[in-house]
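Engineer: Curious how this folds, go ahead:
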Amino acid sequence: MKTKTLLELLTLTSSIYYLAKDTQLIDRINELSEKGKDSINKINSETQLDEDGNELEFVDKIILKTSQVKEELEEKIEELVVKFYKKINVAHLDEIRALNEKVEKSDQAIALLEARLNHIEAKK
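Structural biologist: Model prediction:
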């Protein structure tokens with residue numbers, strides 16, 4: 001009988017814990033949705049004009065805001081990728097190009113030096 005009671009208590013406890021976690025999740029979703037509503041209302045209340053001086057419609061405002069957010073996100077991702085590359089010591093494409101240019105310049109300098117050396121040896 002004690003084992004059955006303990007199992008029931010464990011089941012009840014885990015159910016209560018799950019419901020509490022679920023409630024926290026629902027509260028967080030509600031909080032985020034309120035922030036989203038406030039953000040959308042703010043976008044809608046702002047007056048934005050197009051090239052002709054006409055006020056943009058709500059959908060156009062959302063599209064404009066979405067493109068701004070996309071650009072910001074792309075910039076942030078690019079910054080994080082550069083940090084990641086530096087952290088794991090992987091050469092970035094710009095660094096590879098710079099190194100290739102240095103190698104080419106070095107090859108040209110070596111070729112000039114060889115030509116001068118050959119010219120000096122030919123005079124002797």
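
Engineer: what separates residue 67 from residue 36, distance-wise?
Structural biologist: If you measure residue 67 against residue 36 using Cβ to Cβ, to the nearest Å, the figure is 18 Å. Any C-beta I mention is one placed from the backbone N, CA and C, and that applies to glycine too.

Engineer: Just give me the neighbour total for residue 60.
Structural biologist: If you count neighbours by other Cβ atoms under 10 Å, residue 60 ends up with 13.

Engineer: ok so it is a helix residue?
Structural biologist: Yes - inclusion of residue 60 in a helix is indicated when DSSP: H, G, I helix; E, B strand; the rest coil is applied.

Engineer: tell me the pLDDT at it?
Structural biologist: The per-residue pLDDT reported for residue 60 equals 73.

Engineer: again with the one 3 residues further on
Structural biologist: Per-residue confidence at residue 63 stands at 79 (pLDDT).

Engineer: Look up phi and psi at it.
Structural biologist: As for residue 63, its main-chain torsions (degrees, to the nearest 10) stand at phi -60, psi -40.

Engineer: Residue 103 is in what secondary structure piece?
Structural biologist: Mapping residue 103 onto the secondary structure by DSSP states H and E places it in helix 93-123.
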